[in-house]
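**Student:** Turn this into a model:
(2 chains)
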Amino acid sequence: MNSAPIAVRAEGVSKVYRIGLKEQAHDSLAGAVLDLVTSPVRNYRKYRALYRFKELERADPESAPSTPDTIWALRNVSFELRQGEVLGIVGRNGAGKSTLLKILTRITPPTRGRIEIHGRVSSLLEVGTGFHRELTGRENVYLNGTILGMSKKEVDRKFDEIVEFAGVEKFLDTPVKRYSSGMSVRLAFAVAAHLEPEILIVDEVLAVGDAAFQKKCIRKMQDVGRSGRTILFVSHNMPAVKMLCTRAILLDEGRLVMDGTPHDVVSAYMTSDVGVPAERVWEDPALAPGRRVAKLRAIRVIRRDGAVAPAVDIRDDVGLQLEYDVKEPGHILMPQFYVYNDEGLLLFASYEQQNAWAQRPRPEGRYVSTAWIPGNLLSAGMFYVSCALLSRSTGVSQFYEQQAVAFLVTDNMGEGTARGDWAGSYRGVVRPLLPWVTEHAESSRKLHSA
Amino acid sequence: MERGAAAITVIRPPAAFEAIDVGELVRYRDLLYFLVWRDIKVLYAQTVLGFAWAILNPLIQIAIFTVIFGRIARIDTDGIPYILFVTVAIVPWTYMSEAMTASSQSLVTEQNMLGKVYFPRLIYPLTPVLAKLVDFVIALLLVGGVLVYYGVSPGWNLLWLPVFVLWMAAIPAGVGLWLSALAIRFRDVKFAMPFVIRMLLYTAPILYSASALPEQYRLVYSLNPLVGVIEGMRAALLGLPIPWEYVLPGAGTALLLLIGGAVYFRKMERVFVDVI
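**Tutor:** Take a look at the predicted model:
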């Protein structure tokens, strides 16, 4: 068991947000006018309601339901972190990761619970906060440094190092507005990197910048980790979590559902049905998403045999199926899909364009459109599917459901995949099985004699 | 900050009443300094006249008011030349109105920073209150010039000036604490502010003398903290006896405004970030 001193101790941390009730839409002029007249009263109630927490603070975070105007972003999260540990925080979007980080960095207070932090916390999500375009590089280093919690003396001491790291010596007395974006990001990162906090928070989702900058963040993290400091790392990049972290926790709907080795937590995350189903059906037409022309009735991920498929083998075809009612005839409609990986990266978009319906106005009725993703194209992991239906002439979208369904592609190490007989980790956002051709152009004997 | 024995921070839900953490504010004094300095530096960035605006701004107001109220309306100023009378009031008034406006919008303007990094939130409304003092000090040159021109010497009364300057800064600080917290909640504050400022201008004895009011309303009138500052500063700069009957009631109101503002601000602080 790790006996290093405690760095972070979180006990029963809960957080509830009030998000305010949605505006009601009016479809008559009279309704809209009435709406306008009464809106000050309604707005006042709405904005005041955002500040009412008393009843929520008494509620039990374990069981209190999220209502239309409240969200329990964290429910009773407890963990202990010892010095030198690198903790990966894993979970899908909306699981409470960002909220946890915001509480740890004191940006927002918890509704319940208590956190004890031993040492200074800084986070790479604050990179560049408070940079002012009109100020020079030198001035911004001081301003940003103090915003991040350094004293002027500390900035004085590290100033030369920061400037050298950023490589902006020549432009120190130039206003930052004349910097290239790369330069100002480097400078901002250099300030953050020289904070030397005891506890570092890295949120990959919020990390700005290009691949090179991301790499720099990772390298900095490794340096910090090696120097015995404590790191909290939020990422959708599972290999990075496995590589960098010494421990991981899994959040789901605000609850801490697992705490263990990065390997165990990552595989639990990858194999669990993490809240997004493989099929969604709208039985009640009144609740179905859609506008005047068409309504979405179902979206599902299927196998070749038509069965709903939460998980598919990497070699098998995956069908994305939309079921929708056309209620107003005469429109040319374009069903479309967007496929994202678990890092939120859009892998591709696809719309119906090869068959007759792509050009023909549709009569009323029920339609089922299926798009097939060939086997041996996607890599292993979770994929999220958004769908939409557009009217071709007007471009009006009849419905647009974001990340409505999800499916898992599993790599069972079978034959006939891009992996072949390689058993190690396999990288890449897609994993197509490509035809390879190698020709023996010249024999070595000829090469020598030439 | 010291290494080794690392400081322990405890994060917990805020209590219904939170006292101001003075120690924390002291730790962040360098930040306050740099933010004030940023405001000063950025204010006149890319202007031709730069800090000359700090003099021009009150100067133009003085010119307009002197023509309208001094020449045309011929307001009674207890025998003081109108330019002299209005200059010593317009300069602190300009400071207070600008500091009030900037302070009340401070949280809304800086909401990006508010959602990204923590430091004591009191720093936001306090920064403009301090930054605008630079303009005030520059504008004092104008006051000095007018005093010399009319051959008026404040004499020992000038010793009262720092007291009134402190009080003058306390008013936008108090108003800023109230309104910045309120503005995050109701953005209407921004639109109401110009009217508030105009009303304050006409209700305070800036363009006319407080003695123009009937005796029986004096106490009620003096509860407006601006009355005491303006009349007090006028007396301190023109070498007149300090009119305590105006100064003291307003001092009480100013103190209440400041303390109430701090309490309200701390109370609202817990939800700022969640509703921006």
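**Student:** only C-alpha atoms for contact and neighbour calcs from this point on.
**Tutor:** Noted.
**Student:** Residue numbers of chain B in contact with chain A?
**Tutor:** Listed as neighbours of chain A in chain B under the rule C-alpha under 8 Å from any C-alpha of the partner chain: B:1, B:6-14, B:28, B:30-31, B:34-35, B:38, B:41-42, B:45, B:113-119, B:185-186, B:270-271, B:273-275.
**Student:** switch to 6 Å and redo it
**Tutor:** Proximity of chain B to chain A, by C-alpha under 6 Å from any C-alpha of the partner chain, involves residues B:6-13, B:30-31, B:34, B:116-118.
**Student:** What about those, which are in strands?
**Tutor:** Among those, DSSP state E puts B:8-11 in strands.
**Student:** Among the residues you listed, which pair sits farthest apart?
**Tutor:** Pairwise distances across these (C-alpha to C-alpha) peak at 9.8 Å, for the pair B:I8 and B:I11.
**Student:** With neighbour numbers in mind, choose between these two.
**Tutor:** More crowded of B:I8 and B:I11, by other C-alpha atoms under 10 Å in any protein chain shown: B:I11, with 20 against 13.
**Student:** Isn't that one up against A:I115?
**Tutor:** Yes: with contact defined as C-alpha atoms under 6 Å, B:I11 reaches A:I115; the gap is 4.9 Å.
**Student:** so what's residue 199 up against?
**Tutor:** Because you didn't say which chain, this covers chain A. Applying C-alpha atoms under 6 Å, 6 or more residues apart in numbering or on different chains to A:I199 gives the contacts A:121, A:230-231.
**Student:** Those residues in strands, which ones?
**Tutor:** A:121, A:230-231.
**Student:** Top of the residues you listed by number of neighbours, please.
**Tutor:** Busiest of the ones in strands among the contacts of A:I199 [other C-alpha under 10 Å] is A:I231, holding 31 neighbours.
**Student:** For my notes, confirm A:R366 occurs in a helix.
**Tutor:** No: secondary structure of A:R366, determined by DSSP: H, G, I helix; E, B strand; the rest coil: strand, with no helix assignment.
**Student:** wouldn't it be in contact with A:D325 here?
**Tutor:** Yes: counting by C-alpha under 6 Å, A:R366 touches A:D325, with 4.5 Å between them.
**Student:** ok, back up a step: can you tell me which of the contacts of A:I199 lies nearest to B:R74?
**Tutor:** Using C-alpha to C-alpha, A:V121 comes nearest to B:R74 of those, at 63.6 Å.
**Student:** how close does the residue lying closest to that closest one once chain neighbours are set aside sit to A:G88?
**Tutor:** The shortest distance from A:V121 to any non-neighbouring residue, by C-alpha to C-alpha, 6 or more residues apart in numbering or on different chains, is to A:I199 (4.7 Å). Taking C-alpha to C-alpha, to the nearest Å as the measure, A:I199 and A:G88 are separated by 13 Å.
**Student:** And for A:P363?
**Tutor:** In terms of C-alpha to C-alpha, A:P363 sits 52 Å off from A:G88.
**Student:** Can you list the buried residues in the lengthiest helix in chain B?
**Tutor:** Ranked by residue count under DSSP state H, the longest helix found in chain B is helix B:244-275. Buried residues in helix B:244-275, counting neighbours by 16 or more other C-alpha atoms under 10 Å in any protein chain shown, are found at B:246-251, B:253-255, B:257-258, B:260-274.
**Student:** Which of the three states applies to A:A298?
**Tutor:** strand.
**Student:** That one: neighbouring residues, count only.
**Tutor:** Neighbours of A:A298 (other C-alpha under 10 Å): 19.
**Student:** Please point out which parts of stretch B:108-119 sit buried.
**Tutor:** Neighbour counts using 16+ other C-alpha under 10 Å place B:108, B:113-119 of stretch B:108-119 among the buried residues.
**Student:** how far does it sit from the chain's center?
**Tutor:** Its chain's C-alpha centre and that of stretch B:108-119 lie 23 Å apart, by C-alpha atoms, centre = their mean, to the nearest Å.
**Student:** follow-up on the earlier one: lowest-confidence one in the residues of chain B next to chain A?
**Tutor:** Lowest in pLDDT among these is B:A6, which has 61.
**Student:** which SS state does A:I89 fall under?
**Tutor:** Under three-state DSSP, A:I89 comes out as strand.
**Student:** Quick check: closest non-adjacent residue to it.
**Tutor:** In space, and not counting its chain neighbours, A:I89 is closest to A:V234: 4.8 Å by C-alpha to C-alpha, 6+ apart.
**Student:** Pretty sure the one you found sits against A:D203.
**Tutor:** Yes: the pair A:V234 / A:D203 is scored as a contact, 4.8 Å apart, by C-alpha under 6 Å.
**Student:** mind checking how far the residue in the stretch 101-250 of chain B that chain A sits nearest to is from B:Q111?
**Tutor:** Proximity of the stretch 101-250 of chain B to chain A (C-alpha to the nearest C-alpha) peaks at B:Y118, 5.1 Å away. From B:Y118 over to B:Q111 the distance is 12 Å, taken as C-alpha to C-alpha.
**Student:** for B:F85, same thing?
**Tutor:** If you go by C-alpha to C-alpha, the gap between B:F85 and B:Q111 works out to 41 Å.
**Student:** what ranges do the helices span in the chain?
**Tutor:** Since you didn't name a chain, this refers to chain A. Along chain A, counting by DSSP H, helices occupy A:29-49, A:54-58, A:97-104, A:137-147, A:152-166, A:181-193, A:211-226, A:238-244, A:262-271, A:444-449.
**Student:** Not quite, go with chain B.
**Tutor:** Here chain B has its helices, by DSSP H, at B:22-27, B:29-43, B:52-65, B:82-104, B:106-109, B:111-114, B:123-150, B:161-185, B:188-203, B:218-222, B:225-238, B:244-275.
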